[in-house]
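Novice: Next come a sequence and a model predicted from it.
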Amino acid sequence: MANTASFSRGDSFGCTWTWTPGAGEPANLLGTTITSDIQDRCGNLYALTVTLAGDGLSFTTNYPGDTSEWAVGQANWDIRFVFAGSPTTHSQQFRVIIADTVTKA
């Protein structure tokens, strides 16, 4: 899996995405249900907030809470799409490397 992101725990966690449809997928994400979670190496699950742009061509994922308690190490992250009016779903998976902050305040 080549999709890897790294960040320091305690930092905010969020990303902006641009939708590029694959074969058989909708031209935009209007009417699509999008959910996203991160599971840290200890198995703790963190639900991300997903906000779709008005044109359905981009969206953001954001963790609204404090990441300072997330376990250091490799975490799993996915984004799930359930397309409107279709039994088709799509899930994109990523690795997240959660690092401890070295320089403390």
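Specialist: Okay, I see it. Numbering: from 1, shown residues only.
Novice: hey, let's count contacts and neighbours off CA atoms from now on
Specialist: Noted.
Novice: Excluding covalently adjacent residues, which one is nearest to Asp66?
Specialist: Nearest residue to Asp66, sequence neighbours excluded (Cα to Cα, 6 or more residues apart in numbering): Gly10, at 6.4 Å.
Novice: again with Val72
Specialist: Ile98 (5.0 Å).
Novice: Next one: that neighbour from Ala23, what distance?
Specialist: Noted for Ile98: a distance of 33 Å to Ala23, by Cα to Cα, to the nearest Å.
Novice: Need the per-residue pLDDT for the residue nearest to Thr4 when sequence neighbours are not counted.
Specialist: Spatial nearest neighbour of Thr4, excluding adjacent residues (Cα to Cα, 6+ apart): Arg95 at 4.7 Å. Note for Arg95: predicted pLDDT of 94.
Novice: same question, the one 5 residues further on
Specialist: Among the per-residue scores, Asp100 shows a pLDDT of 91.
Novice: pretty sure Thr49 is touching Thr61, no?
Specialist: Yes - assessed by Cα atoms under 8 Å, Thr49 is found in contact with Thr61 at 5.6 Å.
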